[in-house]
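Asker: Make a model of this:
(2 chains)
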Amino acid sequence: MTPDSVLPEVLLGVMFVGLIAYGLFGGADFGAGIWDLLAGGTRRGRRQRELIEHSLGPVWEANHVWLIFVLVVLWTAFSGAFAAVVTTLYIPLTLAAFGMIARGAAFAFRKSVTTLPMRRFFGAAFALSSLVTPFFLGAVVGGVASGRVPPGIAAGDVVTSWLNPTSTLGGAMAVLVCAYLAAVFLCGDARREGAPDLADQFRARALVAAAVTGAVGLGGLLVLRADAPALFDGLTGRALPVLVVSVLAGVAAIGLLAVRRFVLARLASALAVATVLVGWAAAQYPYVLPPALTIDQAARGTPTLVAMLVALVVGGVVLVPALIYLYVLFQRAHPEHPGSAPLRRTGAA
Amino acid sequence: MDAVELVLAGAAENLFPARLQMALSLGWHIVFACFGIAFPAIVVFAEWRGYRRGNPTLTELAHTWAKAMGVLFAAGAVSGTLLSFEMGILWPGLMDRFGEVFGFPFVLEGFAFFIEAIFVGIYLFGWDRMSPRAHMLSAVPMIVSGIAGAFFVISANAWMNNPTGFRLDAAGNVVDARPWAAMFGPSTWPQFVHMWLAAFMVTGFLVASVYAVGMLRGRRDRYHRFGLLIPLTVAAIATPVQIGVGDWIANTVAANQPAKLAAMEALYETKAGAGLSLGGIYVDDELHYALEIPYGLSLLIHHDPNGVVPGLEEVPPDQRPPVNVVHLAYNAMVGIGSALLALAAWFGLVWWRRRRIPATAWFLRAVAVSGVAAVVAMQAGWITTEVGRQPWIVYGIMRTADAVSPAPGLYLGLFAVVAIYAVLTVFTVIVLRRLAGRHDTPAPQDVEARVG
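Answerer: Predicted coordinates for the structure are as follows:
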C-alpha cells in the first residue's frame, strides 16, 4: 500500500472514533433525556429528574460537539460523500438539528427558571427532543448503510432514503441504545450521590433496556436480511467477530449490573455499544457510500488530508486532557458540597 | 405559484428560500457568537476585580453574568450546530467542490469550540468546587478558544470573498488544494479584527443597555452603576479602534472586490476624485437623493483626492450585486458606528474629567438604545459583506445559484426555521429577563443546592 491509499482510511478511522465517542457520550446524554420523559409526574419523578439534571449540567454541551467534529471532518476530507449524504437525507438531518436546538436550549433554559409551569414546559421540550433526535440520526445511519444514498447531489430519494425498514430499525436501535447507556451511567451517579434507591430504579431500567435492545438487535438481523442484504452479509461475514464481542460485552454488562458493579458495567456497556458501531463500519468497508463509492474514491487531495491529520493529532493532545479533566471534576463525590444532599431521601419521603 | 409547487420547488426556485434560511440562521447565530467571543473576558474581569478588591457587588455581578453567559452560550451552540448542517443541506455544490479547500478552518474551529464548551462547563459549574484562583484560570482557555473559533470561521468566510490556496484545471476541477494557504487570504485578518471588535461592541453596549434601562427606572445603586460601567468601558474602547479598522477593511475590499465597493457606494461610473455618497436610492444606474461629500471616496480608498475608483460599469450586469441593499446596509453600519463613537466620546470625556458616569437622563437613554443599535450595525455589516459578494458564493469562481441544493421541499425547511427561531427568540428573552430581574435567582452552579 502506498501512503496515499492509507491516509484516507486513517482519517476516516479518526472520524469514526469521533462517531463512537458521540454514540457513547452523546448517546448517554440523549438517553438521560428519555428517562427524564419517563420519570413520571412532577412530584414522583422529581428526584430522578434532579439526578439527570445534576449529571448532565456541566457536560452536555461538550458531549455534543463530537457530532460537529464528525461533520467537519467529513465535509473537508470526503466533501463529495458529505454533499451526497446531507442532500439526500436532508429531511431527517434537519429534523435532528431541530431536535438538538430544542433539546439544548430547553435544558439550559430550564436551569435558569424557577416557576413550575416554565420548568415543566422546558422539561417536556428537553425530554421529547431527546427521544426524537437519536431516532432521526439512527435513520440516517440506516439510509447510508442500506445503500440508499447514491453519490451526487440530491441523487437519492429524499423520502424513501430514510423511511424504510433499515432506517426504522436504525432509529429504534439508536433510541434504545441511548436509553440503555444512560440508565447504566445514572446507576453509578445515583450511588455516588448517596441515593441507593435511585440507583436501584435505574438498574432495573438498565436491565429492561438491555433485554429490549438485545432482542430488537437480534430480530433486526432478519429485517436487514430482507431489506439490506449486502449489509446483512457484511455483518454476518466480516463483521461477525466484532458482533460476537458486542454480544459478550452486553451479557457481561447485564451480569455486572445484576451484582451492582456499576463502574465495570459502564465499561462493558460502552464496549458493547462501540462494537455495534465498529461492526457497521466493518460490514460496509471499503465503501463510504455503498455500493458505489469507496473510501479511496471519496477522499480528497493529499495536502488537505495531511493538514487535517496534523490538526487532529495536535488538537487531540489539547482536547483529550481537557475533556478528562471535565469528566473527572464532576464525577468526584462531594460530601462537603450541598449539591449532593437533595438527592438523598429527605424527611418523610 | 400555488402551495404544492412551492413545496416541490427545484434548484432555480430553491435559491431564494435557501438564501433566506441561511441569512436568518447566520444573523441569529452571530449575535450569540458575539457573546461567546467577548462576554467571557468581561465576566472574568468583573470576577477578578471583585476578588482582588473584596467587592461583593462586583462578585455578584460576575455571578449573574455567568448565568446569562451559560444561557447565551447554549443558544449560540445549538444555533451553530444547525449551521453546520445547513452548510451542506443548502449549499452542497459549494461543499462538494470546495470543501477540501476551505473546510479545514472548520475542523480547527471544531476543536476551538470543543475546548470552549469544556471550559464553559468547568467555569459555570466549578464556581464553588474550585479555589477562586483556579476558577479564574479555567476561564483563560474559554476566552482564548472563543477568539480562536471566531478567527477560523471568519477565515472561511474571508476565503469565500477572496478565494486562494488552490488551482482549477481546464475542466474547472479543484487541483492542488492547499488548506493552510486558503486560510490566510488577503481578507482574513481585516475581516477577523473587524468582527472581533464588533463582538466587544455588541456585547458591551448590549449588557450596558440592560443596566441603563434599570437606572432610568430609578435603580441607581452600586450594582447598576458597575453593571453599566464595565461593559460600557469595554465598548467605548473598542469603538474608536473599530472606526480605524473600518478604513483597513474598506481598502481590502477596494483592492480585491471592486464590484462590492462600487455597490457599497452605489457608484456606476469609474471616476477620479469620486465623492462619498450618503443615503439615496439607486435607480437605472444612477444614485438619486444622496448626500455627497466631494472627493470623499477617493480620499478614503486612495488617501488621494484624485484617486480613480472603478464603478459598477466595469463588471457585466449579471455580475453586479443588488446595489440598494448593499449601499443602504453599508450606510447604516457606518452611520450607527459614528453615533456609537459619539456616545463613547461623551462617556470618555466625562469620565476623564470627573471620574463618574454622565448624570443626565439623555445619556442613559442613549446607552439604553446603544445595544440594539450595535446589533443592527453588525447585521448591516454582514449584509454588506454577504450581499455585496453576490452573485458569487466563491467570488469570481462559483455562483450562488450553482451551489444551492436541487432537492425538493426547501420552502418547508425555511418555514420551519422561521418558526423555530421565533420561538427560540421569545424564550431566550424571557429567560434572560428573569435572570436580569431577580438578583436572588440561583446560579446554575447553585441549582442543586436549592431544589431540595
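Asker: hey, let's count contacts and neighbours off CA atoms from now on
Answerer: Will do.
Asker: Could you work out the end-to-end span of stretch A:150-157 for me?
Answerer: By Cα to Cα, to the nearest Å, the extent of stretch A:150-157 from end to end equals 9 Å.
Asker: How about residues contacting it?
Answerer: A:80-81, A:83-84, A:87-88, A:148-149, A:289-290, A:292-293, B:92-93, B:405-407 (Cα atoms under 8 Å, 6 or more residues apart in numbering or on different chains).
Asker: again, but for stretch B:15-29
Answerer: Contacts of stretch B:15-29 (Cα under 8 Å, 6+ apart): B:76, B:79-80, B:82-83, B:86, B:90, B:379, B:400-401, B:404, B:410-411, B:413-414, B:417-418, B:421.
Asker: Could you list which of those residues also contact chain A?
Answerer: For chain A, the contacts drawn from these by Cα under 8 Å from any Cα of the partner chain are B:Ser79, B:Leu82, B:Leu90, B:Gly413.
Asker: I'd like those residues as a markdown table, with neighbour count, distance to B:Gly307 and pLDDT appended.
Answerer: Output for these, formatted as a markdown table (neighbours: other Cα atoms under 10 Å in any protein chain shown; distance: Cα to Cα, whole Å; pLDDT from 0 to 100):
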| residue | neighbour count | distance to B:Gly307 | pLDDT |
| --- | --- | --- | --- |
| B:Ser79 | 26 | 44 | 89 |
| B:Leu82 | 23 | 45 | 89 |
| B:Leu90 | 29 | 41 | 92 |
| B:Gly413 | 19 | 47 | 85 |
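Asker: Which one of those residues is nearest to chain A?
Answerer: Chain A lies nearest to B:Leu82 out of those, by Cα to the nearest Cα, at 5.5 Å.
Asker: List the contacts of the nearest residue to that closest one once chain neighbours are set aside.
Answerer: Distances taken as Cα to Cα, 6 or more residues apart in numbering or on different chains put A:Ala97 closest to B:Leu82, at 5.5 Å, once the chain neighbours are dropped. With contact set as Cα under 8 Å, 6+ apart, A:Ala97 has these partners: A:Thr133, B:Thr81, B:Leu82, B:Phe85.
Asker: separation between A:Asn164 and B:Gly76?
Answerer: Taking Cα to Cα, one finds A:Asn164 at 34 Å from B:Gly76.
Asker: Which of the two has more residues huddled nearby?
Answerer: B:Gly76 (22 against 17; other Cα atoms under 10 Å in any protein chain shown).
Asker: tell me the strands in the stretch 151-300 of chain A, going along the chain?
Answerer: A:287-289, A:293-294 (DSSP state E, counting those that start in this stretch).
Asker: most packed of those?
Answerer: Among the strands of the stretch 151-300 of chain A, strand A:287-289 has the highest mean neighbour count (mean count of other Cα atoms under 10 Å in any protein chain shown), at a mean of 23.
Asker: Can you report how many residues lie near residue 192?
Answerer: Picking chain A for this. Count around A:Arg192 with other Cα under 10 Å applied: 17.
Asker: try chain B instead
Answerer: B:Phe192 has 21 nearby residues by other Cα under 10 Å.
Asker: and the helix or strand containing it, what does it pack onto?
Answerer: Per DSSP states H and E: B:Phe192 is located in helix B:188-216. For helix B:188-216, the packing partners by 3 or more Cα pairs under 8 Å, 6 or more residues apart in numbering or on different chains; DSSP states H and E come out as helix B:11-53, helix B:132-161, helix B:222-256, helix B:361-389.
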